[in-house]
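Peer 1: what follows is a protein structure lacking sequence information:
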């Protein structure tokens, strides 16, 4: 219940931002010995915008994922992806082909966002059902965004203040 409220507040703050850049990527997740794909959208600040689980990695899956993200978060100024052809086909169909950027290290923002998910995945000893994976991915993204305070950009004092404020807000939401 509180996860949706936190997400709504973050989305409403970001809608007015003009130079919004997205980074899109998909990763393999093992589900009962079968590989499924977790599609993720991350903004220019490293916040996870959207997570979507599919069994395929084709144009239709990319199109559903991008439609979901665009509907919820609005249209960005630029979308950075890896070289997967499904993105290009989906963006051509959506009419966003001019916003697409592909570069060798341009998509590191989203690649690094997978690391925290992988740590939790190992701690949970994998997933059993697609529904539980989707639910975990979306909740993990919201919790990660709440506590992602960009330690490398601020001094220790400011970081500690922000961390304690985030923890106090979390406790008030959880109680």
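Peer 2: Cool, the structure landed. Predicted model, so just to flag it, every value in this text is computed and none were measured.
Peer 1: the residue sitting furthest away from the middle of the chain and residue 164: what is the separation?
Peer 2: In the chain, residue 157 marks the outermost C-alpha relative to the chain mean, sitting 28.0 Å out by C-alpha atoms, centre = their mean. As judged by C-beta to C-beta, to the nearest Å, residue 157 and residue 164 stand 11 Å apart. For every residue, glycine as well, the C-beta is placed using N, CA and C.
Peer 1: so for residue 96, what's the nearest residue that isn't a sequence neighbour?
Peer 2: residue 79 (6.6 Å; C-beta to C-beta, 6 or more residues apart in numbering).
Peer 1: distance check, the one you found against residue 47.
Peer 2: Residue 79 is 15 Å from residue 47, where distance means C-beta to C-beta.
Peer 1: tell me which of those two has more neighbours.
Peer 2: Under the criterion of other C-beta atoms under 10 Å, the comparison of residue 79 against residue 47 puts residue 79 first, with 25 against 18.
Peer 1: any idea which helix or strand comes after the lowest-mean-pLDDT helix or strand in the chain?
Peer 2: Across the helices and strands of the chain, mean pLDDT, DSSP states H and E gives its lowest value to helix 2-15, namely a mean of 67. The helix or strand immediately downstream of helix 2-15 is strand 21-31, counting by DSSP states H and E.
Peer 1: output the contacting helices and strands for that next one.
Peer 2: Contacts defined by 3 or more C-beta pairs under 8 Å, 6 or more residues apart in numbering; DSSP states H and E place strand 21-31 against strand 34-43, helix 59-73, strand 78-81, helix 108-123, helix 130-147.
Peer 1: the same query, at a cut-off of 6 Å, please.
Peer 2: Secondary-structure packing of strand 21-31 (3 or more C-beta pairs under 6 Å, 6 or more residues apart in numbering; DSSP states H and E): strand 34-43, strand 78-81, helix 108-123.
Peer 1: just how off-centre is the shortest one within its chain?
Peer 2: Meaning strand 78-81. 13 Å (C-alpha atoms, centre = their mean, to the nearest Å).
Peer 1: and the first one, by the same measure?
Peer 2: Using C-alpha atoms, centre = their mean, the mean C-alpha position of strand 34-43 is found 9 Å from that of the whole chain.
Peer 1: swap in the last one?
Peer 2: Taking C-alpha atoms, centre = their mean, one finds helix 108-123 lying 11 Å from the centre of the chain it belongs to.
Peer 1: so where is this protein shaky, pLDDT-wise?
Peer 2: Under the criterion pLDDT under 70, the flagged ranges of the chain are 1-4, 6-7, 10-18, 149, 151-152.
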